[in-house]
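Asker: This is a predicted model, with the sequence first.
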Amino acid sequence: MAGSSGDQEEQFSSSDSEETLDNEYYCFLNVPRNASQNDITAAYKKLARLYHPDKHQDPEKRSEAELLFTKLKQCYEVLSDPHKRAIYDCLGKEGLKEQGWAVVQRTKTPREIREEYEALARVREERRLQQRTNPVSRFQCTINATDLFDRYLYESEYDELIDGGLPQFEVSKLSLSSSIQAPLTPTDTATLAGNISSSNGRGDGSFNLGYRRIHSESTWQECGVGLGNGLAFSTKFFRRLAPRLFANMSGTLQFSRSGLKPGFSTTLENHLDKHTVGYLTYSTNMRLVESNDSLELEQEQSGMETMIVRDTPGYHMVASLQLGIPYTYAMFSYTKKIQEKKKRLRMAVKAGTFGAILEYGVEERITDNSTLGATMVVGFPVGVTVRIKLVRATQTYLFPFHLSDEIILQPIFYGTVVPMVAWFTIKKLILEPHNARMKEKERERKREMNREKVAESKREALASCNLMGERFKRILKEEEEKGGLVIVSALYGLLADEKGELKPELKDPNYKEENEDNYIDVTLPVQCCVEDSRLILWEGSKSSLPGVWDPNPGEEKHILIRYTYQHNNHQIFCPEAEAVKLPKNSHRVFT
């Protein structure tokens, strides 16, 4: 749903991750989720020839084959039965246990199962919404630090009149705002918000209650009532006029001490392309006054604003022009997104009848849920201010330090350099070592928690590799004789660095690591999946493939395959969830 216009830039996006689909049975057979019954049967027969106990005379191999053949039959039993397959696709293995689930009644068709599961999911979503309040808060503490630099603006003859002690700092403004949302139904939401502020010894506050109803995908309406500087009523209305055109209108009516104050605003929003949105906004605020025994509306402020916002993975740009009373101005801002370093560099300039302002700053993600930023504001008549901003989830903490009322070099220099030096010092000496220790501690905790599970999976995978020995030799010999697809090496596990690129030491084909805590060698099972000089590993976790186990459950893993095709070297490196299809010319390595 489109939102209203504004020049506030988006924070680092984050969204609730969706539940991972259970692909274990599909991956064990190495078939896609949409595989036909014939494909599933063919994959079953292929593995049955390898895992059937009657195919092995050696007692040890026969015992291993019985274990794997049991798992194979379980996979085939579920995926070959349309009813069980529908349950598995919706609920995974847990849904097959039939522990009171209404969705698994035997009289239902696969389509009815999916429909009932979706109905249950909607009920769970309604319950989840009722438990969410989406608290949002903002705290601001403005500090007047002009005594640091403004004392040097005076001539030396005034030194006796200026206090020679340490510079004085004052808290010139404190404000706190907070809001919560209470979803009543999937289409109705109540909002409770309030704020208090104190500036130069004078306090203020307000309280607002709002109610929003979503009528359809293209329409919603909101109304509210507030108390603060008098009783106030407000209403908002949103409407999709066309696939790329939206309208947003709002009105306010405030009963203040100085009289009745109505206000109106309307915005047209046009999505010009995938990354660009244009806004056209008209707003006006008026006051009802009494003169000569009559009531008149006086316009306090009004304006027409046009804005272009372009947002891409690499940058965020905003350009706007406002014509109005009392101010007319133009504004341009540009934010460079450095995704690999989790940083943003921002510059903005604003000029108009009020004066001119230049802003530049940087913002960096310091944890999964927190960002820290510093922005220098230089302009007339605002002087020099540096803003420190910390965002943690939905909480914002803002600390503006007002350094000078005049534009002078010293506060600009120190306001730029000091935060950078302080941040890099804290980051290198405290945060990075702490994060590394916490990450390693969490990794060890997961390993310990999954130790038994990993050991069991490893035993099963090694048993499968033991049974694959003869097939591996046969396929390898056939592919080598005809110059086909030969797997030179295949690694699976923690192969990527923080940037998602292949670790430097693994770029050497001769590098070997005996420790299996990070990754494992899966050359044998991958070669056994080759058919007629072709290899397809479908989407999903590769740890469910026969002969493969997961050395690091819960962590992001990759797969690295080096192979030869027609006696030419090739290499592919990708996340494990992606499908792998070999050979490809794009994989060729030129030496």
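Answerer: Right, received. Where do you want to start? Residues are numbered from 1 along each chain as shown.
Asker: mind listing the strands for the stretch 401-550 of the chain?
Answerer: When assigned using DSSP state E, counting those that start in this stretch, the strands of the stretch 401-550 of the chain occupy the ranges 485-493, 519-521, 535-537.
Asker: Please identify the buried residues of the first one?
Answerer: Put plainly, it is strand 485-493. Residues Leu485, Val486, Ile487, Ser489, Ala490, Leu491, Tyr492, Gly493 are the ones in strand 485-493 that count as buried (16 or more other CB atoms under 10 Å). Glycine gets a C-beta too; all of them are placed from N, C-alpha and C.
Asker: Make JSON lines out of those and add pLDDT and distance to Glu359.
Answerer: Listed next are the buried residues of strand 485-493 as JSON lines, based on pLDDT from 0 to 100; distance: CB to CB, whole Å:
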{"residue": "Leu485", "pLDDT": "94", "distance to Glu359": "57"}
{"residue": "Val486", "pLDDT": "95", "distance to Glu359": "59"}
{"residue": "Ile487", "pLDDT": "95", "distance to Glu359": "55"}
{"residue": "Ser489", "pLDDT": "93", "distance to Glu359": "52"}
{"residue": "Ala490", "pLDDT": "94", "distance to Glu359": "51"}
{"residue": "Leu491", "pLDDT": "93", "distance to Glu359": "48"}
{"residue": "Tyr492", "pLDDT": "94", "distance to Glu359": "48"}
{"residue": "Gly493", "pLDDT": "91", "distance to Glu359": "45"}
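Asker: got the strands of the stretch 401-550 of the chain as TSV, with distance to Ala145 columns?
Answerer: Below are those laid out as TSV (distance: least, CB to CB, whole Å):
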stretch	distance to Ala145
strand 485-493	52
strand 519-521	53
strand 535-537	61
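Asker: show me what contacts Arg443?
Answerer: With contacts taken as CB atoms under 8 Å, 6 or more residues apart in numbering, Arg443 has the following neighbours: Asn552, Glu555.
Asker: now Leu390
Answerer: With contacts defined as CB under 8 Å, 6+ apart, the neighbours of Leu390 are Ser370, Thr371, Leu372, Gly373, Thr396, Tyr397.
Asker: you'd agree Arg62 is up against Tyr51?
Answerer: No - contact criterion CB atoms under 8 Å: Arg62 and Tyr51 do not qualify, at 10.7 Å.
Asker: neighbour count winner among these two?
Answerer: Using other CB atoms under 10 Å, the more surrounded residue of Arg62 and Tyr51 is Tyr51, with 24 against 15.
Asker: ok, the more buried one to Ile388 distance?
Answerer: Using CB to CB, to the nearest Å, Tyr51 is found at 63 Å from Ile388.
Asker: do Ser197 as well
Answerer: The gap separating Ser197 from Ile388 is 19 Å, by CB to CB.
Asker: Ok, Leu148 next?
Answerer: Here the criterion is CB to CB. By it, Leu148 lies 16 Å from Ile388.
Asker: do the same with Ser302
Answerer: Distance from Ser302 to Ile388, counting by CB to CB: 35 Å.
Asker: got the buried residues for stretch 402-412?
Answerer: Result for stretch 402-412 [16+ other CB under 10 Å]: buried residues His402, Leu403, Ser404, Asp405, Ile408, Pro411, Ile412.
Asker: Surely the fourth one touches Phe380?
Answerer: Think Asp405. No - using CB under 8 Å as the test, Asp405 is too far from Phe380 to be in contact (10.2 Å).
Asker: picking up where we left off before, which members of the buried residues of stretch 402-412 are positioned in helices?
Answerer: Residues of the buried residues of stretch 402-412 located in helices (DSSP state H): Pro411, Ile412.
Asker: Can you show me the helices along the stretch 1-150 of the chain?
Answerer: For the stretch 1-150 of the chain, the helices defined by DSSP state H, counting those that start in this stretch occupy 24-29, 37-51, 59-79, 82-91, 110-131.
Asker: Point out the most buried one among those helices.
Answerer: With neighbours defined as mean count of other CB atoms under 10 Å, the helices of the stretch 1-150 of the chain peak in mean count at helix 24-29, which reaches a mean of 23.
Asker: by contact count, what packs against that helix?
Answerer: Contact here means 3 or more CB pairs under 8 Å, 6 or more residues apart in numbering; DSSP states H and E; on that basis helix 24-29 packs against helix 37-51, helix 59-79.
Asker: Which neighbouring elements make contact with the first one?
Answerer: For helix 37-51, the contact count by 3+ CB pairs under 8 Å, 6+ apart identifies helix 24-29, helix 59-79, helix 451-481 as packing neighbours.
Asker: Kindly reformat these as JSON lines and extend each row with distance to Glu442 and mean pLDDT.
Answerer: As requested, these are arranged in JSON lines below (distance: least, CB to CB, whole Å; pLDDT from 0 to 100):
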{"stretch": "helix 24-29", "distance to Glu442": "25", "mean pLDDT": "88"}
{"stretch": "helix 59-79", "distance to Glu442": "31", "mean pLDDT": "88"}
{"stretch": "helix 451-481", "distance to Glu442": "15", "mean pLDDT": "90"}
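Asker: just to revisit the earlier point, looking at Ser197 and Ile388, which one has more neighbours?
Answerer: Remark: of Ser197 and Ile388, Ile388 carries more neighbours, 19 against 15, as counted by other CB under 10 Å.
Asker: looking at it, the more buried one is touching Pro419, isn't it?
Answerer: Yes - in this structure, Ile388 sits in contact with Pro419. The criterion is CB under 8 Å, and the distance is 6.8 Å.
Asker: Residues that sit against both of the two, list them.
Answerer: The contact sets of Ile388 and Pro419 overlap at Ala374 (CB under 8 Å, 6+ apart).
Asker: shaky segments in this protein?
Answerer: Applying pLDDT under 70 to the predicted model, the residue ranges of the chain that meet it are 1-21, 95, 97-118, 120-132, 150-165, 292, 513-516, 591.
Asker: which one's the longest strand in it?
Answerer: Longest strand in the chain by number of residues (criterion: DSSP state E): strand 294-311.
Asker: and it, what does it pack onto?
Answerer: Packed against strand 294-311, as judged by 3+ CB pairs under 8 Å, 6+ apart, are the following elements: strand 276-291, strand 315-325.
Asker: Go again with 10 Å.
Answerer: In terms of contacts (3 or more CB pairs under 10 Å, 6 or more residues apart in numbering; DSSP states H and E), strand 294-311 is packed against strand 259-271, strand 276-291, strand 315-325, strand 329-338.
Asker: Strand 329-338 and that one, what's the angle between them?
Answerer: Angle, strand 294-311 to strand 329-338, by axes from the mean of the first three to the mean of the last three CA atoms, to 10 degrees: 30 degrees.
Asker: between strand 294-311 and strand 315-325, how big is the angle?
Answerer: Following the same axes, to 10 degrees, one obtains 160 degrees for the angle between strand 294-311 and strand 315-325.
Asker: who touches both of Arg62 and Tyr51?
Answerer: Listed as contacting both Arg62 and Tyr51 by CB atoms under 10 Å, 6 or more residues apart in numbering are Leu467.
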